[in-house]
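**Q** I would like the atomic coordinates for the input below:
(2 chains)
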There are 2 protein chains.
Amino acid sequence: MADYKIRAAARRAERDANIPKEYLVDLSKVGIDPLPLEELPLPAHRLAPHKPEPTKHYKDEDVTGVARTLLSIEDQAITEAPLEKLVRLLASGELSSVRATEAYLRRAVLAHQLTNCCTDFFSDLALKRAAECDAYLKEKGRTMGPLHGVPVSLKDQFHIAGTNCTMGYVGWIGKVSKEHSVITECILRAGGVPYVRTNVPQTLMRCETHNAIFGRTVNGFNRSFTSGGSSGGEGALVGMHGSPLGLGTDIGGSVRVPSAFNGLWGMRPSMHRIPYEGSANSMLGQESVSSVIGPLTHSLEGVVTFMRAVLGERPWEMDPILVPMPFNEEAYQLKDLQMMKASSSRPSSLEEEDKGEGEGKVKLCFAIEWNDGLVHPHPPILRALRETKEKLQAAGHTMIDWKPYDHGRALDIIDRIYAADGGEDVKRAALEGEEPLMFNLMQNGSERPHLSTYESWQLNKEKSQYRKEYLDHWQSTVNQTGTGRPVDAIIAPVSNWASCPHDTNDNVSYTTQWNLLDRPCVVFPVGFVDPEKDPKVPMEGEAFQVLPGGLDQEYWDRYDPERWAGLPICLQVVGKRLQDEELLGIARVIKEAGASFK
Amino acid sequence: MADYKIRAAARRAERDANIPKEYLVDLSKVGIDPLPLEELPLPAHRLAPHKPEPTKHYKDEDVTGVARTLLSIEDQAITEAPLEKLVRLLASGELSSVRATEAYLRRAVLAHQLTNCCTDFFSDLALKRAAECDAYLKEKGRTMGPLHGVPVSLKDQFHIAGTNCTMGYVGWIGKVSKEHSVITECILRAGGVPYVRTNVPQTLMRCETHNAIFGRTVNGFNRSFTSGGSSGGEGALVGMHGSPLGLGTDIGGSVRVPSAFNGLWGMRPSMHRIPYEGSANSMLGQESVSSVIGPLTHSLEGVVTFMRAVLGERPWEMDPILVPMPFNEEAYQLKDLQMMKASSSRPSSLEEEDKGEGEGKVKLCFAIEWNDGLVHPHPPILRALRETKEKLQAAGHTMIDWKPYDHGRALDIIDRIYAADGGEDVKRAALEGEEPLMFNLMQNGSERPHLSTYESWQLNKEKSQYRKEYLDHWQSTVNQTGTGRPVDAIIAPVSNWASCPHDTNDNVSYTTQWNLLDRPCVVFPVGFVDPEKDPKVPMEGEAFQVLPGGLDQEYWDRYDPERWAGLPICLQVVGKRLQDEELLGIARVIKEAGASFK
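**A** Next up, the predicted model:
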């Protein structure tokens, strides 16, 4: 056996040894096979759009119902409470943190047995911390902070001092973290209880989850489908209610895709709001398009709770790259939109700010992105767009069609930014552990060039030019909205499919678009795939043409209503850069219109 | 004559032809020699710290008083009104924009004859625009905006559609701008009247001002001294009261050094507040340390007027890189500081926000940076630091000594960032016009390397690491301040000297430090060099040791009280990143303590 496999097996055994034995279940009693350990394919490529070779290791099976058979009613109730309810129960002392942590540990172990989502279990640390939370509340009569006693799961990029964060790289096995990441510190200060870490793809630069140490994470709604990536461990864990709040990262869809593929609320905040300082990452020093930390959870209020909690810790005093913006409650209440008549009008003076109050709810204008001009979404996603449009329209909002502005160019630019070093960073990391590299080092048939600094500056100019054109495009909608403002938000697919079989999730155009533009996005669950409502139709039958680029027909043809049945369907709402709170307020409008079932 | 010199002469002649003839004066009547046209030295280098070879073309003469002899009392009164007063006069209609523009055009021509500060005169455009402003006010009874009718001078990086912005490069002669820069657009929307453009050094990467087209700009307080750079045309023009508001840019001191060398208030805002979109620049696409636009003017209120005016135009709707932060009036009133007890304490809730009111003026803690650990400031600068400390102390503020944190490392990192492309960008620009390149392509005795993208990412990591350490260093002062907060601001030299003879301004460590950290800085004038108060003393006499690095003694020895006599002395106050309004409020505290004479 290759040395890297031996080292990987040892690290895996270490993880397994830390699983609390009392929580392990015998899956054979419920007729579920244990997951196979699936080694990395060799040679491995990130993208193989024309020859998907889905793995044969898994059956089409939904394991989300297993908890109902194997867990107590109380454990189910605790672990199915949305975050904001959990926070209330813990803050009031009605539920102890130790009890909550036990319940979540138990359910995380079950989720892990069913989907292989975790890389670390910190049950001792977590229960000790939970007991401290309980004692604090009892003694002082107040909470430690807005996440008092809440178990929080962390993607395998976030350091906890004294533990080994590998990020799926064999070469990082045994490197013990000296300090917490700043985000860990913020979670602790806010009263949270880190208790597990979750799986990632090698390099992080993939929207599936598979690495040489921990193997593949699968989707609980259909184990032959991917849970997405790169925060796919979080997606599967939270999707299976094994965590009330998961922290992922997103440089091209890595929070949003796992949120969408597991039926969750999730958010990609704007760059430089949530502290990344001191976290592990691929391609550190690449500042052109930065990865951002975002939450995966079961409710919009959960997303808001996370943002308020972290921003309440004044993280800009710990991470120098952050914008020093506290959570803007007024923007969340959409007061700015009520106030602002048109973008071109002079902004109101301070005295005029209150005029919007008492005028009732603000009417918004949404644009629907039916497709991105590259690939049509599958029928379930199109239905979700239609239903969302109808519900928002019924609630009195204006709906227009979004004209995608040259998204192919965006995809090309961001792809070149990701690999501007010719893969040097990920090659070195893989070499360190002498493991196979799962990263597409080819581009248009030849090896990716390693750009010079001057060339990378020219690439940044392409990016800036595109951003400027897109902003102008957005602002120019002011004439179509009827609100006196440009469009307030875009409602868009997160992916062209609800999920897909392993190793075929090869289209990321719906997510990377907004990373390139640094637009905040909130993912919201709309429903589930239903073969009756979402039949397979020929593309022409939907009265639209095959899009250029060569992939549209093939991706469309992969849809199989029976195999997809029961998978969650999510969409995303896209807002204005660094106006994350306004976007959350807009997401609340969507929720209140009944467009999300959660 | 080389082709580039012919082209340069033609472009210069074009500028000269646009000087309104009626404003030209015969300098021989006041005994002043016309300035020579000084060609670029060849071969030319940016830095030659050990062998300064000051040019012999100039006499030590102060020409700031010439206007008193040659201009009418009314023209003097108009052009010596601080910006906020000019704004009031124009807004009330007491002074017409046409009259103000004529006065400033006349004084700009004089300043130009004396210092060679301008690259373009737009008198027709400006007078037409001024007449429009006047008509608007008369018809509508209100102003166009907060800069209604105010003449504004622009550094030769800001496009005006239909004109030729060369940025000092011969290769750019004749390229007509198709669109305004976004900053030009903002100035116009705010009611401003662009009327001249001002000189820059070739490449912009130098704190003096000299290029092959327009030659050298000199300092009006002593024409054998530099007006600084790269916004040295603005510095000289505004210093000579030829403009009420000059717009410069700063990537390493280029607003602050000319502000300081000409006795002005000036500001380097944080990155991504003021729109740079659509402006000419060197090294476009270099995003690691960005150049920022900032004002040079005669009063703090002038700086505030500029910031309010531009941010009031919602520039983030025109420039996608900007942080969407309107001017924060509360922060300018220092309400955040009144509210915040300690950085580690939980931030007050909305309900608690008003508690600070009525408690009287907030007491601040300033740190004084006596030196940066590399080079001691000359005696006049040290006196300014002492006097400022005393005045703030007398006003009840706490003063501590700043411990510079490894500024040599900062200087090394930013120097490598500036030239990470091995000078490729500036080489190409110089080659385009076949002109000699004035840029230091050497580093430690060998040619600068052109980094690969991977190497530039590693350099970004060094930068981020340094920024994090510096932030922690700043935050750690919480234990010394007595305010419950870390230090509120640092008062520091802008340069180790008040100005210096041409071609010897080779130390930029006092300014680049804050660009690397992206800290906003406000320059304020303190006084003038006085040989009696600022005698030349041996370094030991001041009870301090020569600093390591090899330049301290040499720079110290260059000081000559008689030559330096009468030069303005300025300092800068350094604040927290993206908290520009708070810093302006702190600058107001400094002004109110009497530490600035303007």
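**Q** How about the residues of the stretch 1-150 of chain A by chain B?
**A** Contacts of the stretch 1-150 of chain A with chain B, taken as C-beta under 8 Å from any C-beta of the partner chain, map to residue A:145. For the C-beta atoms, the positions are set from N, CA and C on the backbone; glycine is no exception.
**Q** Please apply the same query to the stretch 451-598 of chain A.
**A** A:451-461, A:464, A:467-468, A:470-471, A:475, A:517-518, A:576-579.
**Q** repeat that for 10 Å
**A** Within the stretch 451-598 of chain A, the positions adjacent to chain B are A:451-464, A:466-472, A:474-475, A:478, A:486, A:517-519, A:576-579, A:582 by C-beta under 10 Å from any C-beta of the partner chain.
**Q** So which of the residues you listed sit within helices?
**A** Judged by DSSP state H, those include A:453-464, A:466-472, A:474-475, A:478, A:582 as members of helices.
**Q** Just the buried subset of these, please.
**A** By neighbour count, with 16 or more other C-beta atoms under 10 Å in any protein chain shown, those hold A:453-457, A:459-460, A:462-464, A:466-468, A:470-471, A:474, A:478, A:582 as buried.
**Q** Where do the strands of the stretch 251-400 of chain A begin and end?
**A** According to DSSP state E, counting those that start in this stretch, the stretch 251-400 of chain A carries its strands in the segments A:265-268, A:292-297, A:365-368, A:398-401.
**Q** Could you do the stretch 451-598 of chain A as well?
**A** Here the stretch 451-598 of chain A has its strands, by DSSP E, counting those that start in this stretch, at A:489-493, A:521-528, A:568-574.
**Q** Pipe those into a markdown table and attach mean pLDDT per row.
**A** Shown next, in a markdown table, are those (pLDDT from 0 to 100):
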| stretch | mean pLDDT |
| --- | --- |
| strand A:489-493 | 98 |
| strand A:521-528 | 98 |
| strand A:568-574 | 98 |
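**Q** Quick check: which of those strands is nearest to residue B:555?
**A** Among those, the nearest to residue B:555 by C-beta to C-beta is strand A:521-528 (52.5 Å).
**Q** Can you give the strand pairings for that closest one, parallel or anti for each?
**A** Looking at strand A:521-528 with DSSP bridges, its partner strands are strand A:265-268 (antiparallel), strand A:568-574 (antiparallel).
**Q** Next, name the residue at the spatial heart of chain A.
**A** Centroid-nearest residue in chain A: residue A:255, 1.5 Å away (criterion: C-alpha atoms, centre = their mean).
**Q** Next one: that residue from chain B, what distance?
**A** Using C-beta to the nearest C-beta, to the nearest Å, residue A:255 is found at 22 Å from chain B.
**Q** for that residue, what are its contacts?
**A** A:155, A:228, A:230-231, A:234-235, A:246-249, A:264, A:266-269, A:291-296, A:511, A:521, A:523 (C-beta atoms under 10 Å, 6 or more residues apart in numbering or on different chains).
**Q** Check the residue in the stretch 351-500 of chain A positioned nearest to chain B and give its pLDDT.
**A** Using C-beta to the nearest C-beta, the closest approach of the stretch 351-500 of chain A to chain B is made by residue A:457 at 3.1 Å. For residue A:457, the pLDDT comes out at 98.
**Q** Same check on residue A:267?
**A** 98.
**Q** tally of neighbours for it?
**A** Using other C-beta atoms under 10 Å in any protein chain shown, residue A:267 has 32 other residues around it.
**Q** Residue A:488 and residue A:587 touch, don't they?
**A** No. Residue A:488 lies out of contact with residue A:587 (C-beta atoms under 10 Å); the separation is 11.3 Å.
**Q** Identify the contacts common to these two.
**A** A:573, A:575.
**Q** Let me know the distance separating the closest residue to residue A:216 other than its chain neighbours from chain B.
**A** In space, and not counting its chain neighbours, residue A:216 is closest to residue A:210: 4.2 Å by C-beta to C-beta, 6 or more residues apart in numbering or on different chains. According to C-beta to the nearest C-beta, residue A:210 and chain B sit 25 Å apart.
**Q** which regions of the stretch 151-300 of chain A lie under the pLDDT threshold?
**A** The model of the stretch 151-300 of chain A has no residue with pLDDT under 70.
**Q** count of residues packed around the residue of it found nearest chain B?
**A** Going by C-beta to the nearest C-beta, chain B is nearest to residue A:285 of the stretch 151-300 of chain A, at 3.1 Å. Per other C-beta under 10 Å, the neighbour tally for residue A:285 reads 20.
**Q** thought residue A:361 was touching residue A:335?
**A** No. Taking contacts as C-beta under 10 Å, residue A:361 lies outside contact range of residue A:335: 12.0 Å.
**Q** more neighbours, the two?
**A** Per other C-beta under 10 Å, whichever of residue A:361 and residue A:335 has more neighbours is residue A:335, with 19 against 12.
**Q** which one is residue A:537 nearest to, not counting chain neighbours?
**A** residue A:379 (6.6 Å).
**Q** Could you pull up phi and psi at the residue nearest to the centre of chain A?
**A** When read as degrees, to the nearest 10, the backbone of residue A:255 gives phi -90, psi -40.
**Q** Tell me the spacing between it and residue A:222.
**A** Counting by C-beta to C-beta, to the nearest Å, the gap from residue A:255 to residue A:222 is 21 Å.
**Q** what do you get for residue A:212?
**A** Residue A:212 is 24 Å from residue A:222, by C-beta to C-beta.
**Q** cool, residue A:116 as well?
**A** Residue A:116 is 15 Å from residue A:222, by C-beta to C-beta.
**Q** What of residue A:544?
**A** 27 Å.
**Q** Settle it for me: which of these two has more neighbours?
**A** When neighbours are counted by other C-beta under 10 Å, residue A:544 and residue A:222 differ, and residue A:222 comes out ahead with 27 against 13.
**Q** The closest residue to the more buried one other than its chain neighbours and residue A:239: what is the separation?
**A** Closest residue to residue A:222 apart from its sequence neighbours, by C-beta to C-beta, 6+ apart: residue A:60 at 5.5 Å. Residue A:60 is 17 Å from residue A:239, where distance means C-beta to C-beta.
**Q** Between these two, which is the more surrounded one?
**A** Per other C-beta under 10 Å, whichever of residue A:60 and residue A:239 has more neighbours is residue A:239, with 29 against 14.
**Q** List the residues that contact that one.
**A** Residue A:239 makes contacts with A:64, A:111, A:115, A:117, A:219-221, A:227-228, A:232, A:246, A:258-259, A:261-264, A:296, A:298, A:568, as judged by C-beta under 10 Å, 6+ apart.
**Q** Give me the subset of those residues lying in helices.
**A** If you go by DSSP H, these have A:111, A:115, A:232, A:258, A:259, A:261 in helices.
**Q** Excluding sequence neighbours, find me the nearest residue to the third one.
**A** For residue A:232, the nearest residue in space outside its immediate sequence neighbours is residue A:209; the separation is 2.9 Å by C-beta to C-beta, 6+ apart.
**Q** Just give me the neighbour total for the one you found.
**A** 36.
**Q** Model confidence for the residue of the stretch 51-200 of chain A found nearest chain B, exactly?
**A** As assessed by C-beta to the nearest C-beta, chain B sits closest to residue A:145 within the stretch 51-200 of chain A, at 7.5 Å. Per-residue pLDDT puts residue A:145 at 98.
**Q** Give the helix, strand or coil label for it.
**A** coil (DSSP: H, G, I helix; E, B strand; the rest coil).
**Q** Now do the contacts for it.
**A** Per C-beta under 10 Å, 6+ apart, neighbours of residue A:145: A:91, A:133, A:186-192, A:309, A:312-313, B:346.
**Q** could these go into TSV alongside neighbour count?
**A** Output for those, formatted as TSV (neighbours: other C-beta atoms under 10 Å in any protein chain shown):
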residue	neighbour count
A:91	20
A:133	25
A:186	25
A:187	27
A:188	19
A:189	21
A:190	23
A:191	25
A:192	28
A:309	25
A:312	19
A:313	23
B:346	14
